[in-house]
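# Fold the following for me, if possible:
(chains A and B, ligands or ions: 2)
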Amino acid sequence: MSALLQVEGLAKSYGGVHAVRGVSFALDAGTILALIGPNGAGKSTCFNMLNGQIRPNAGSIKLEGQEIVGLPPRAVWRRGVGRTFQITATFPSMTVRENVQVALLSFHHKLWAMVGYAGAAHRPEADRLLALVGMEAQAERPCGELAYGDLKRLELAIALANNPKLLLMDEPTAGMAPKERVDLMRLTAKIAREKGIGVLFTEHDMDVVFEHADAVMVLNRGELIATGTPEQVRRDPQVRAIYLGEGLLYDAKHREGSAA
Amino acid sequence: MEFLLVQALSGLASAASLFLVASGLSIIFGVMRIVNFAHGAFYMLGAYVAFTLTDRFAGPLGFWGGILVACLVVAAVGALMEMLLLRRIYHAPELFQLLATFGVTLMVEDIVVLIWGAEDLMGPRAPGFTGAVTVFGRLVPSYDFLLIALGPIVLGLLWLLFHGTRWGVLVRAATQDRDMVASLGVNQKWLFTSVFALGVFLAALGGALQIPRTTVSHAMDLSIIVEVFVVVVIGGLGSVTGAFVAAILVSELNAFGILVLPKISMVMVFLVMAVVLVVRPWGLFGKPEGTPRAAAGLSIRPWRPMSALERMGVAVAILVAASLPVFAGNYALSVGTEILVFVLFAASLHFLMTVGGLASFGHAAYFGLGAYGAAFMVKFLGAPMELALLVGPLLGLAGAVLFGWFCVRLSGVYFAMLTLAFAQIAWSVAFQWVEVTGGDNGMLGIWPSKWASSPQGFFWLTLAIVVIGVGVLRMLVFSPFGYGLRAARDSTLRSEAIGIDRKSTQWAAFIVAGTFAGIAGALFAFLKGSVFPENLAIPTSVDGLVMVLLGGIETVSGAVIGAIVYKALAIWLMSKTELSKLVLGGVIVVLVVAFPKGIVGFLEDLRHRRRRPPAPDGAGPEAAGYVAKVEAAE
Ligand SMILES: Nc1ncnc2c1ncn2[C@@H]1O[C@H](COP(=O)(O)OP(=O)(O)O)[C@@H](O)[C@H]1O
Ligand SMILES: [Mg+2]
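Ligands and ions are numbered 1, 2, ... in the order given. Next up, the predicted model:
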């Protein structure tokens, strides 16, 4: 059986700087894969290539055996890839529910309809998605006034609107309180396992990573330096050398390293 | 062959001033991210002040000294404007900055007439460059050679300034990364003011150097600013080299366009610009822009369809309007009809600008095309009014299909500049193609059918069409299409990631807006019985912008209210003062600085403040820039 997502030799450089090089991995349906690494390691660049936002210089990305390199984000999305952004991207001029409704309208190919009130479309489905992430009580609120943690949950609801096979989550819990982080990742893991969604996520909180990930990949300066179960990765000497051994404050140090 | 060479030389000479003005605009944009619409006004001021000074002080020293002092004076005026006006709006949406600097342009136009009079002025010849040189048996003014040399010299001086001085290094750093400069502890205010002054100095120099070549007139600001926009769109905003190359390109195209297509020479420029935009949307030497700032974004109160009560209110208002012919006189009715026409025009612009987030500075193009479409139907095909009203707007639609395809490739200020440039191209075709459009004389005798020929009849007809038109636009706002459009406006990233095709959606919105503007234009043609190039000129576009802004850019019904108030005010003002531009420009500036939410936005705020105090919880870090207000409205 072929994997849900099969990545071979992915590479991207910016004016001589290798943001990502030679990244290869596979992800099966229903599994949760963590991509970790210091700031500037190339994690966001990987996500942006996977959903078509930027075009890789080399490499192949196969979704259920089909090549998706070169497709625009909207076409990748149509094939069942949902994503959340490191810095949340939502529609601040709409209510929370309308944010989800737009995604649903798009999923049902109805965004070109010029008659009918969009605010009444797919309400039950939108409310069900909001309930899934615990946002049903805030459905009527303007999205622009939500707290950051709530925005992250709303993003998850939007990302689930197309019934994705694959969920890409770039730092889904960044900027959230510790308790919120754990809750959101538990929720995500639960949804993913129930629906058999493959999840690729990045996360700085190692407790969260080791609690939920089936497998962990470590990216450093654009290259994968370790892949395995959380336990294997935790014990990998190279990974320990890069940052786990030094405690948790690895960000600042490695930002200097990657800028060079 | 020789003739072509001489023509090329003349093109090069014209390129000098164009380059000076465009490089000033580019430098300012690079550091401050502001497109200074008033740049054309500073160019014009440079010419006028130089005229006065060189007139007063004769001799070579008097002439060249006069030019230099003129530029310094105008640069000081520019610095003053930066300190008094721009500092207040650096964090406002781009649209507001464009509008505020346009307001200044309008004011300057009237001030110039006040000081120097409305007549064109002939400046002195440049001492030492009064003769002509024979090139291949043809005479070329020696002053042209001076200008041709000047372009590269200024380019070199600017390069030295930016690479050889500490100030220049700072400016380059600020252009690359603005946050970095702030963190270097550089006095950003001072840096901005000095950069702005330099940019204005260059514009003024461009104008001052024109006085030996052409007459000084109070319309030279708009013609240069459009050319400059074309130059920076082709060359890339923020790049001085791009401005240089594109200025030469555009000037040569103009010089040779006259030979190839004498009637519609602007078409050549249009074609080249189109090619550049398709291949490199950010210009030949520009850099791809980052995520654009939203055109709207002051309030976060989501829109709602009207409640039953509000619908009743609207129905009553329509009934009142429909009963107007019973008691109003003919003059009042024709004013009322004109207001109605502009209600539809403003509503169509609102759809593009507020719902679509695409601030067009050339929406009059589609209004005018609709008007000309109707006129062509009547004049060339002898069609009756009914048919002309149906078919005429299709010309607006066709224009929107063509121009819109290019425009939606860009966003933010680039979009605004390109729409303006296209509108100007449409205008110049209407103006130059005398055989078809009648040129400056327009087309006369576009009268309604008999049943609608009385002021009452035409008022009712217009009211019916406008009510339906505004109703359809409003329906679109709340339709799935309208939501997709708003989604693309709110977040390009997110909308693309949920399957929305931004460009197609915005193109469709552009076409919708252009078509409804075309309907308004066709009505306008029958109201006035004539069409003129001014129907698609910049002032008409700006009227539309101000209507939307006055009503409230963030609201659904602001355009309607804004159009009524603005048009009524403008017609009344015209009858009261000669200085309508000064007043209008002042109104725009005040609106942008002090009253950015407009009438309807202001009323909504009042309503919400009264209903309940602002909730304490909520606003996340992303919302910090917004005025957080609770509850959904209107
Ligand atoms: N648009 C870009 N232009 C130039 N360099 C970039 C760009 N995007 C990312 N980079 C560089 O690529 C590297 C990886 O960045 P990123 O993928 O954002 O890392 P991460 O998400 O792991 O923190 C960094 O060195 C960053 O500076
Ligand atoms: Mg990242």
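
# Domains in chain A, by residue range?
The record's domain parsing of chain A by automatic domain parsing lists A:1-80+A:164-229, A:89-163.

# List the buried residues for whichever strand or helix holds B:Phe367?
Using DSSP states H and E, B:Phe367 sits in helix B:364-381. Neighbour-count burial for helix B:364-381 flags B:364-379 (criterion: 16 or more other CB atoms under 10 Å in any protein chain shown). C-betas here are computed from N, CA, C, even on glycine.

# Now do it, average pLDDT.
Averaging pLDDT along helix B:364-381 gives 96.

# Give me the neighbour count for residue 143.
Because you didn't say which chain, this covers chain A. Residues near A:Cys143, counting by other CB atoms under 10 Å in any protein chain shown, number 27.

# Please refer instead to chain B.
19.

# The one 5 residues further on too?
Counted with other CB under 10 Å, the burial measure for B:Ile148 works out to 19 neighbours.

# which ones are touching it?
Listed by CB atoms under 8 Å, 6 or more residues apart in numbering or on different chains, the contact set of B:Ile148 reads B:Leu9, B:Leu12, B:Ala13, B:Ala16.

# so the residue nearest to B:Pro127 when sequence neighbours are not counted, which of the three states?
Once flanking residues are discounted, B:Pro127 sits nearest to B:Pro60: 4.1 Å by CB to CB, 6 or more residues apart in numbering or on different chains. Following DSSP: H, G, I helix; E, B strand; the rest coil, B:Pro60 is assigned to helix.

# Could you give the number of residues near B:Pro60?
Neighbours of B:Pro60 under the rule other CB under 10 Å: 10.

# For B:Gly123, which three-state class applies?
From three-state DSSP, the assignment for B:Gly123 is coil.

# Also A:Val218?
Once three-state DSSP is applied, A:Val218 turns out strand.

# Report the central residue of the chain.
I'll assume chain A. With distances taken as CA atoms, centre = their mean, A:Met169 lies nearest the centre of chain A, 1.3 Å away.

# hm, I was asking about chain B
Short answer for chain B (CA atoms, centre = their mean): B:Phe361, at 3.5 Å.

# Quick one: residues contacting that residue.
B:Leu98, B:Ala416, B:Met417, B:Thr419, B:Leu420, B:Ala423, B:Ile538, B:Ser541, B:Val542, B:Leu545.

# What is the neighbour count of the last one?
Residues within reach of B:Leu545, counting by other CB under 10 Å, total 25.

# wait, it sits on B:Leu99?
Yes. Contact status for B:Leu545 versus B:Leu99: in contact at 6.3 Å, counting by CB atoms under 8 Å.

# where does residue 81 land on pLDDT?
Reading this off chain A. Looking at A:Val81, its pLDDT stands at 95.

# right idea, wrong chain: chain B
At B:Met81, pLDDT is 95.

# which residue sits closest to it, ignoring its sequence neighbours?
Nearest non-adjacent residue to B:Met81 (CB to CB, 6+ apart): B:Val104, at 6.4 Å.

# Secondary structure element holding A:Leu167?
Per DSSP H and E: A:Leu167 is located in strand A:166-169.

# ok, then the element right after that strand?
helix A:178-195.

# neighbouring contacts of that following helix?
Contacts for helix A:178-195 (CB under 8 Å, 6+ apart): A:30, A:32, A:132-134, A:149, A:152-153, A:156, A:160, A:163, A:167, A:169, A:172-173, A:176, A:197-199, A:201, A:203, A:205, A:207-208, A:211-212.

# got the buried residues for that helix?
Within helix A:178-195, the residues scored as buried using 16+ other CB under 10 Å are A:Glu180, A:Arg181, A:Val182, A:Asp183, A:Leu184, A:Met185, A:Thr188, A:Ala189, A:Ile191, A:Ala192.

# which of the residues you listed sit farthest apart?
Using CB to CB, the buried residues of helix A:178-195 span at most 18.3 Å, a distance reached by A:Glu180 and A:Ala192.

# Quick one: residues contacting A:Leu10.
The neighbours of A:Leu10, taking CB under 8 Å, 6+ apart as the test, are A:Val20, A:Gly22, A:Val23, A:Ser24, A:Cys46, A:Met49, A:Pro56, A:Ala58, A:Gly59, A:Ser60, A:Ile61.

# Remind me which helix or strand the fourth one belongs to.
Read that as A:Ser24. With DSSP H and E as the criterion, A:Ser24 is inside strand A:17-27.
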